[in-house]
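Colleague: Need coordinates for the below:
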Amino acid sequence: MTGPNPHRSPDESLEDLLRFWEDHRKAPFPAGLGGKSVNGRDLVLLDASMAGCISAFINDGCLDVECACLLGMDYHDVAGIVTVLHREGVAYFERLRRMAGLTLRLAAEQAKAEQE
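Modeller: Residues are numbered from 1 along each chain as shown. All right, here's what the predicted structure looks like:
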């Protein structure tokens, strides 16, 4: 797999997520991928699903069960999808995957802290 390692998130913080999010919001959707599906997933809808859950976490400070499940499935799906994308698409979806992994980790840490 190329691109940033989505499993580096244990060292990353909410500030990192906010920085990644700003970068992602400024990035155009990769040329040629609109209307395309890979492994049965429409790439525009995948982007919207992941971005919506990440945005909800950033804005609300928590992740509901539905978003956590969706984001986990999307995170998994992106791993298979990036293997067939061009460079721009790989960078775009790996950034989303990295943010998803970080969001899921931060939400889990938050839930654990609230239980203690």
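Colleague: Any figure for the gap between C62 and R97?
Modeller: 21 Å (CB to CB, to the nearest Å). Bear in mind the C-beta positions are built from the backbone N, C-alpha and C, glycine included.
Colleague: So which of the two has more stuff around it?
Modeller: R97 (25 against 14; other CB atoms under 10 Å).
Colleague: For the more buried one, give me its contacts.
Modeller: P6, Y75, V78, A79, V82 (CB atoms under 8 Å, 6 or more residues apart in numbering).
Colleague: I'd like to know how far it sits from A113.
Modeller: For R97, the distance to A113 (CB to CB) stands at 25 Å.
Colleague: wait, C53 sits on V65?
Modeller: No - shown here, C53 and V65 do not form a contact pair, counting by CB atoms under 8 Å, at 11.3 Å.
Colleague: So what's the gap between stretch 46-65 and the chain middle?
Modeller: 9 Å (CA atoms, centre = their mean, to the nearest Å).
Colleague: Can you mark which positions in that stretch are buried?
Modeller: L46, D47, S49, M50, A51, C53, I54, S55, A56, F57, I58, L63 (16 or more other CB atoms under 10 Å).
Colleague: Which ones among these lie within helices?
Modeller: Using DSSP state H, L46, D47, S49, M50, A51, C53, I54, S55, A56, F57, I58 are the members of the buried residues of stretch 46-65 that sit in helices.
Colleague: Now for the third one: which residues touch it?
Modeller: Same thing as S49. With CB under 8 Å, 6+ apart, S49 has these contacts: L70, L71, D74.
Colleague: now it: how far from Q115?
Modeller: Counting by CB to CB, the separation of S49 from Q115 is 28 Å.
Colleague: can you check the last one too?
Modeller: Applying CB to CB, the value for I58 to Q115 is 22 Å.
Colleague: now swap in the first one and tell me
Modeller: Shown here: L46 relative to Q115, a distance of 31 Å by CB to CB.
Colleague: what do you get for the fifth one?
Modeller: From A51 across to Q115, the span is 28 Å (CB to CB).
Colleague: what are the ranges of the strands in this structure?
Modeller: 37-38, 41-42 (DSSP state E).
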